[in-house]
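>>> need the 3D shape of this:
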Amino acid sequence: MNILVQKFGGSSMATPARREQVVGHIKEAMAAGYKIVVVVSAMGRSGEPYATDTLLGLVDYGKGMDPRDLDLLMSCGEVISASVLVSELIKAGQAAAVLTGGQAGILTDDAHGTARIIEVKPDRVLQFLNSGVIPVVAGFQGRTREGEITTLGRGSGDTSAVALGVALQAEMVEIYTDVDGVMTADPRVEPNARRLETVTYREIAEMAHLGAKVIHPRAVEIAMEGHIPLRIRATGSSSPGTLVHSAASQVEIRGDRVVTGIAHVGGMIQVQLETTADFNRSELGLAIFQRLAGAGISLDMIYVSPNRISFIIEHRWAKQAEDVLRDFPVEIKVELGMAKVSAVGAGMRGVPGVMARVVSALQQAGVTIYQTTDSHANISCLVRETDVEAAVHALHSEFQLGRSET
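The predicted structure is shown next:
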């Protein structure tokens, strides 16, 4: 059975005209001989009647509510969206049926609001496929073994789709969104950004973690583990979008294409801690990290030396971090209005001189670097939020990312 999983985001489901395009994509894939499983997000964005943020606004974003009860509310948007699409498919002459995430066999742990998938049993999905019915699955959700409804965290409709695709041994998972695939940079910041025809799992996972919002990072990780290709496309477009798959099988890494794309994320704060004591010998550093972890504060770009620790956090954690750190005998320096700009590419591994090119480009653009981190597939620089546009332009130009791959 040639199975194709198609996932449609909230913008794709927002209006009758957009839903008509969704039905068109489904019928086109069926005509090509595929059995289709559809996964949908809640319709529209904040302020529209059935968007998740709108539902949360009905209860003041769940302040004081039990997480279990909040999950019941948040799961409604996707169920409404799936029901509406089934109605549209039936009008178009195609049998279809709604499934919640739990009914589709997505089993999770009991961490309400941030549940993780532990198993997928797609028996009911297969029953519908075998009977010629398109299963339309509510994304972003699952159920515990005890039958409680859970949600997987914001933006995780992609994760639902990919997990189902792996369990069904689908030929591919298509992610439909409002952008035409993966771009070399955010086109709202870099006018010369272009669509990438192919990227590796690792590259798109790095870009997603580093600020690119085209796909959920966990979805990429599951696809990589399950060896299932992804295609990221724009709803209503005939463009093939971007194919995401294994470098070993299909992607040629050219010698001059060490960087694939530029990602950025703003709203960060840099925290620097200094002491005359040794952070290591006194175990002061360990105590600080343990307290921050206990407060649920996620750290990034971490640097540790005997007398100095620095890291960045999201702006929303500022008050909690201040409450934790004031208890320790350290000098605290905080820089507001920071952003992380990253050059991403699987081809940079083992290539000398990439960091030199990054530093040179940013210096020539007048951008100050406050901190750096790197891996085999990215180099990230901490800069002022006011310098993001200049930094993205400089790096995009330095690595010639506006140039066609062909």
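
>>> three-state assignment of Gln270?
The assignment at Gln270 comes out as strand when based on DSSP: H, G, I helix; E, B strand; the rest coil.

>>> what's around the residue nearest to it when sequence neighbours are not counted, how many residues?
Distances taken as C-beta to C-beta, 6 or more residues apart in numbering place Glu335 nearest to Gln270, at 4.1 Å, with adjacent residues excluded. Glycine gets a C-beta too; all of them are placed from N, C-alpha and C. Close neighbours of Glu335, defined as other C-beta atoms under 10 Å, add up to 16.

>>> surely Glu335 is within a strand?
Yes. Assessed with three-state DSSP, Glu335 lies in a strand.

>>> state the distance from it to Leu382.
Distance, Glu335 to Leu382, using C-beta to C-beta, to the nearest Å: 9 Å.

>>> okay, and the common contacts of those two?
Gln270, Tyr370 (C-beta atoms under 8 Å, 6 or more residues apart in numbering).

>>> look at the residue nearest the centre of the chain and report its pLDDT.
By C-alpha atoms, centre = their mean, the chain has its centre lying nearest to His216, at 2.3 Å. Note on His216: pLDDT of 90.

>>> tell me which stretches of the chain form helices.
16-31, 52-57, 67-74, 76-91, 123-130, 157-167, 201-209, 217-226, 284-294, 318-325, 354-364, 388-398 (DSSP state H).

>>> same question for the fourth one, mean pLDDT?
For helix 76-91, mean pLDDT is 98.

>>> output the contacting helices and strands for it.
helix 16-31, strand 35-40, helix 52-57, strand 96-99, strand 134-138 (3 or more C-beta pairs under 8 Å, 6 or more residues apart in numbering; DSSP states H and E).

>>> for the last one, which outside residues touch it?
Strand 134-138 is touched from outside by 26, 36-40, 75, 78-79, 81-82, 85-86, 89, 94-101, 104, 124-125, 128-129, 160, 164, with contacts defined as C-beta under 8 Å, 6+ apart.

>>> check the first one too.
Contacts with helix 16-31, where a contact means C-beta under 8 Å, 6+ apart, come from 4, 6, 8, 11-13, 36, 38, 84-85, 88-89, 92, 94, 134, 174, 176, 235-236.

>>> not counting sequence-adjacent ones, nearest residue to Gly236?
Among residues not flanking Gly236 along the chain, Gln21 sits closest, at 4.1 Å (C-beta to C-beta, 6+ apart).

>>> the one you found and Met338: what is the separation?
Counting by C-beta to C-beta, the gap from Gln21 to Met338 is 39 Å.

>>> quick one, which of these two is more surrounded?
In this view Gln21 and Met338 are compared by other C-beta under 10 Å, and Met338 has more residues nearby, 23 against 17.
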